[in-house]
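1. build the 3D model from these lines:
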Amino acid sequence: MIGKLRNHLAPDGPFLRVVVASATLRVTGMAFGLLVGIQLARLLGAEGYGVYGVAMSVIALLTVAAEFGLSILVTREVASAKALNSFVSAGDVLAWANKFVLLCSLALIGGMLLLMGAMHVRLGQGLYRTLAYGLLLVPVVALASVWGGALRGLQNIAGGQFPDVLLRPALFSLLLLLVHQAGLVVFDPTIAMILGLVSAGAALLVSGLLLRRDWPTSVIGTRSVKSSGNWLRSAAPMALSEGVRVLQAHLVIIVLGVMAAASEVGLFRVAVSVSLLITLPVSLLNVVSSPMLAKLHAEGDLAGMQRLLFRVSVGMTVGVILLCLPFVFFGRELLGFVFGQQFSGSLNSLLILSAGALVNAVFGAAIGLLNMTGHEKKVTRAFLVSLLFLAIMVVPLTLVYGGAGAALASSATVACWNWIMWKDAMKHCNLDASIFGFGAPARRGVANVDR
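-> Predicted coordinates:
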């Protein structure tokens, strides 16, 4: 058994090298992301950080709607095209995705401005101004996501992550430092949103330059016969899945914003920020494994997919456990020291969110497996069921337990959709994405494609 485990994790082939490179980017980017959270919490205080958090939750939902799952579709199409050495259709889908994102963003911004105008008094001046500037983030972040997906499909995993994962938070942190030190403006959530917009714009520019460098010049200007309607039908389930997933994450903050004081939202935002550090192994290995799964699926290598899935689940689980331990033993002291004593009350919410992260890790990369093998509708179903589960639980739990109740609803929802997708991956792909898949050979047959 030990010898078999060693073979699974042996440093041969590209997997370990890609993981190390991506981990370096993600860890460094996460460090800057935490630094940004610390800077914002200290500069804005619990109330101001809560206003900023509510605004960012709204912007996140709009961005997912504008991006419409196209980054996943582009990754899949480009990775398959690279495996088959046929890039014409990939070029078409990327051009169509760019146009779709821009048009959808304009429509969403216009509709949101009308809604904000009708609710101006209820929103309050601070939230209204912060949201107004934040709307400009929608097309910028959505386009960057699509271009990053294309880079990952080209197997440039590091390039597909660098602008958004590392450059954007690093520049944001630098801008926060410079503006605060200059003391030329009164720092508030609106100023924070403007600085975030500048950093996102820079990240988009770098993504475009990297994609222009790596994209095969032989297919520029060529056209395929594939209909955009096919892409839209493929993207729609992914968009719905991603939208539901983001809604699950941000619905909790929005509910807290309605039911609790802004300071309570600020405390929960800190817990969420730290939990993102704990889920780093999950997000990292999902990003790395998705294009590899698409490539192996295109080649029909079912056994290779099973080996990859086991490596991913082990890495996720071990990584999450190691990152949880400091907060289990010294969480209150760490939170108070880093963010300020007023944020030490975030510990209970953080521990509950960490439990959800561990469940997510144990079940592995089921979501990436289903999306990369054409079973995106199963992902959509899992997220819709879990969203209904969240909608039922979040209000009563938040009423009774406040931020801790919101965290409990969030973690239970994570467990719900992971269980459903794990079962679907077993049934429709003949593969076990979880840590329990050790030594389990892929069953005979080829993975089904239920569209």
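2. what's in contact with stretch 279-288?
-> 15, 18-19, 22-23, 26-27, 30, 152, 157, 160-161, 312, 315-316, 318-320, 323, 357, 360-361, 365, 367-368 (CB atoms under 8 Å, 6 or more residues apart in numbering). Just so you know, the C-beta spots here come from the backbone N, C-alpha and C atoms, and that holds for glycine as well.
3. which intervals of the stretch 201-350 of the chain have sub-threshold pLDDT?
-> Applying pLDDT under 70 to the stretch 201-350 of the chain flags the ranges 217-245, 249, 262.
4. can you pull out the helices in it?
-> Secondary structure of the stretch 201-350 of the chain (DSSP state H, counting those that start in this stretch): helices at 228-259, 262-278, 280-299, 302-339, 347-362.
5. mind putting the ones you listed into a markdown table with distance to residue 408 and mean neighbour count?
-> Formatted as a markdown table, the helices of the stretch 201-350 of the chain follow (distance: least, CB to CB, whole Å; neighbours: other CB atoms under 10 Å):
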| stretch | distance to residue 408 | mean neighbour count |
| --- | --- | --- |
| helix 228-259 | 10 | 20 |
| helix 262-278 | 12 | 24 |
| helix 280-299 | 19 | 23 |
| helix 302-339 | 17 | 19 |
| helix 347-362 | 5 | 22 |
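6. in a markdown table: those helices, plus distance to residue 393.
-> Shown next, in a markdown table, are the helices of the stretch 201-350 of the chain (distance: least, CB to CB, whole Å):
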| stretch | distance to residue 393 |
| --- | --- |
| helix 228-259 | 10 |
| helix 262-278 | 16 |
| helix 280-299 | 22 |
| helix 302-339 | 23 |
| helix 347-362 | 13 |
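7. out of these, nearest to residue 211?
-> Of all the helices of the stretch 201-350 of the chain, it is helix 280-299 that lies closest to residue 211, at 14.7 Å by CB to CB.
8. picking that back up, looking at the helices of the stretch 201-350 of the chain, spot the one closest to residue 182.
-> Of the helices of the stretch 201-350 of the chain, nearest to residue 182 by CB to CB is helix 302-339, at 23.3 Å.
9. chain center to the closest one: distance?
-> 16 Å (CA atoms, centre = their mean, to the nearest Å).
10. same check, this time on stretch 178-198
-> Chain-centre distance of stretch 178-198: 25 Å, with CA atoms, centre = their mean.
11. sorry, back to before: closest one to residue 53 among the helices of the stretch 201-350 of the chain?
-> Here helix 262-278 is closest among the helices of the stretch 201-350 of the chain (CB to CB), at 4.1 Å.
12. for the closest one, packing partners?
-> Counting by 3 or more CB pairs under 8 Å, 6 or more residues apart in numbering; DSSP states H and E, the packing neighbours recorded for helix 262-278 are helix 14-67, helix 228-259, helix 302-339, helix 347-362, helix 403-429.
13. and the last one, what's buried?
-> Neighbour-count burial for helix 403-429 flags 403-422, 424-426, 428-429 (criterion: 16 or more other CB atoms under 10 Å).
14. tell me the angle of it relative to helix 280-299?
-> Calculated by axes from the mean of the first three to the mean of the last three CA atoms, to 10 degrees, helix 403-429 forms an angle of 20 degrees with helix 280-299.
15. and helix 403-429, average pLDDT?
-> Here helix 403-429 scores 90 as its mean pLDDT.
16. shift numbering so it begins at 618
-> All right, first residue 618 from here; so that's helix 1020-1046.
17. what angle sits between that helix and helix 879-895?
-> With the same axes, to 10 degrees defining the directions, helix 1020-1046 sits at 40 degrees from helix 879-895.
18. can you give the distance of helix 1020-1046 from its chain's centre?
-> For helix 1020-1046, the distance to the chain centre is 16 Å (CA atoms, centre = their mean).
19. now it and helix 919-956, what's the angle there?
-> 170 degrees.
20. tell me which element residue 1050 falls in.
-> Under DSSP states H and E, no helix or strand contains residue 1050.
21. how many neighbours does it have?
-> For residue 1050, the neighbour count with other CB atoms under 10 Å is 30.
22. what are the phi and psi values at it?
-> Torsion angles at residue 1050 (phi, psi; degrees, to the nearest 10) stand at phi -80, psi -10.
23. surely it is in contact with residue 980?
-> Yes: counting by CB atoms under 8 Å, residue 1050 touches residue 980, with 6.6 Å between them.
24. hey, what's in contact with both of those two?
-> 930, 1038-1039.
25. now, which of the residues you listed sits nearest residue 685?
-> Nearest to residue 685 among the shared contacts of residue 1050 and residue 980, with distances taken as CB to CB, is residue 1038, at 20.5 Å.
26. and that closest one, how far is that from residue 981?
-> Using CB to CB, to the nearest Å, we find residue 1038 at a distance of 10 Å from residue 981.
27. which residues are in contact with both of these two?
-> Counting by CB under 8 Å, 6+ apart, the residues touching both residue 1038 and residue 981 are residue 1050.
28. residue 959 versus the most centrally placed residue in the chain, what's the distance?
-> For the chain, the residue nearest the mean C-alpha position is residue 900 (7.0 Å; CA atoms, centre = their mean). Residue 900 sits 28 Å away from residue 959, taking CB to CB as the criterion.
29. swap in residue 683?
-> Distance, residue 683 to residue 959, using CB to CB: 35 Å.
30. which of the two has more residues huddled nearby?
-> residue 683 (27 against 17).
31. now the phi/psi pair for residue 804, please.
-> According to degrees, to the nearest 10, residue 804 has phi -70, psi 130.
32. what does stretch 863-880 contact?
-> 663-665, 667-668, 670-671, 674-675, 677-678, 681, 881-882, 885-886, 889, 959, 1000, 1003-1004, 1007-1008, 1011-1012, 1015-1016, 1019-1020, 1023-1024, 1026-1027, 1030.
33. fine, thanks again, bye for now.
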